[in-house]
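Enquirer: Sequence and predicted structure below; questions after.
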Amino acid sequence: MMTSLFSIFEPSSSIMSLSLNWASTFLGLLFIPYLYWISPSRWSLSWSKLINTLHLEFKTLLGPSHVGSTIIFVSLFSLIVFNNFLGLLPYVFTSTSHLVMTLSLSLPLWLTFMIFGWINHTQHMFAHLVPQGTPPALMPFMVLIETLSNLIRPGTLAVRLAANMIAGHLLLTLLSGTGPSLSTTLVSFLLLTQILLLLLESAVAIIQSYVFAVLSTLYAGEIN
């Protein structure tokens, strides 16, 4: 019986109907103790420098009215980048390639932003529905368009991350499946291609984590 091509991304290990694959989401916690050694390592110094850079950038995007909120988005970036990189290892389940995981990150954030904004800054939220300089005749249409674009924000965040992660993994899987039927020369080219794709996926893992965190920060910065 032929299974779906995307079945390789489905959880398969379970105990009493409880999936064990999602436990890989918490493997990133294993890296945290390395940051607390008395003698700092190159890894801890590099990670601290990256976190400080992100903190300064998110602080600029959020503005002075959201003091202390950068820790949420830095933690979000850390969680996603750890899961993206761990998913590149063999036999490790990539939780960020599933909409269940990505929607669980984007939907609560967006929902809390909306609730906070409409309760505390109602006039400002209404003003966002009509961009400055819009002709009066187009205002009803702009309200509809802005409302729709606002409603689909958590979905676009989730789909962007999941689609980018699953696309590279799927390409690696398809190429590796052709290995047994190729000659020795072609297998050498295949290995080189796989290595280059793995480097590309490493870059995508960082870029998509950064994009997810920055867009979440921008959505939060709009609520003032």
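Expert: Happy to help now that I have it. Numbers count the residues shown, from 1 in each chain.
Enquirer: Which strands and helices lie in contact with the lengthiest helix in the chain?
Expert: With secondary structure taken from DSSP state H, the chain has its longest helix at helix 184-221. In terms of contacts (3 or more CB pairs under 8 Å, 6 or more residues apart in numbering; DSSP states H and E), helix 184-221 is packed against helix 42-62, helix 70-86, helix 99-120, helix 153-177. Just so you know, the C-beta spots here come from the backbone N, C-alpha and C atoms, and that holds for glycine as well.
Enquirer: so where's this protein shaky on pLDDT?
Expert: Applying pLDDT under 70 to the chain picks out residues 1-21, 33-38, 65-67, 224.
Enquirer: again, 50 this time
Expert: 1-2 (pLDDT under 50).
Enquirer: Can you list the buried residues in stretch 120-140?
Expert: For stretch 120-140, a neighbour-count test (16 or more other CB atoms under 10 Å) marks H121, M125 as buried.
Enquirer: Quick check: end-to-end length of that stretch?
Expert: In stretch 120-140, first residue to last residue: 24 Å (CA to CA, to the nearest Å).
Enquirer: about what we covered before: which one of the helices and strands packed on helix 184-221 lies nearest to F93?
Expert: Among the helices and strands packed on helix 184-221, the nearest to F93 by CB to CB is helix 70-86 (8.7 Å).
Enquirer: Highest mean neighbour count out of the helices and strands packed on helix 184-221?
Expert: Among these, helix 70-86 has the highest mean neighbour count (mean count of other CB atoms under 10 Å), at a mean of 21.
Enquirer: Restricting to C-alpha, output it in CSV.
Expert: Listed next in CSV are the C-alpha coordinates belonging to helix 70-86 (Å, rounded to 0.1, in the frame of the first residue of the first chain):
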residue,chain,number,x,y,z
THR,A,70,11.9,41.9,24.0
ILE,A,71,12.4,38.8,26.2
ILE,A,72,9.3,37.3,24.7
PHE,A,73,10.5,37.6,21.1
VAL,A,74,14.1,36.6,21.9
SER,A,75,12.8,33.5,23.6
LEU,A,76,10.5,32.8,20.6
PHE,A,77,13.5,33.1,18.2
SER,A,78,15.5,30.8,20.4
LEU,A,79,12.8,28.1,20.6
ILE,A,80,12.2,28.2,16.8
VAL,A,81,15.9,28.2,15.8
PHE,A,82,16.7,25.3,18.1
ASN,A,83,13.8,23.2,16.7
ASN,A,84,14.8,24.1,13.1
PHE,A,85,18.4,23.1,13.6
LEU,A,86,17.6,19.9,15.6
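Enquirer: quick thing: my sequence starts at 700, can you match it?
Expert: Let's use 700 as the start, then, which means that last one is helix 769-785.
Enquirer: So which residues make contact with it?
Expert: By CB atoms under 8 Å, 6 or more residues apart in numbering, the residues outside helix 769-785 that reach it are 723-724, 726-727, 730, 750, 753-754, 757-758, 761, 791, 793-795, 800, 804, 808, 860, 864, 901, 903-905, 907-909, 911-912, 915-916, 919.
Enquirer: Right, I'll call it a day here.
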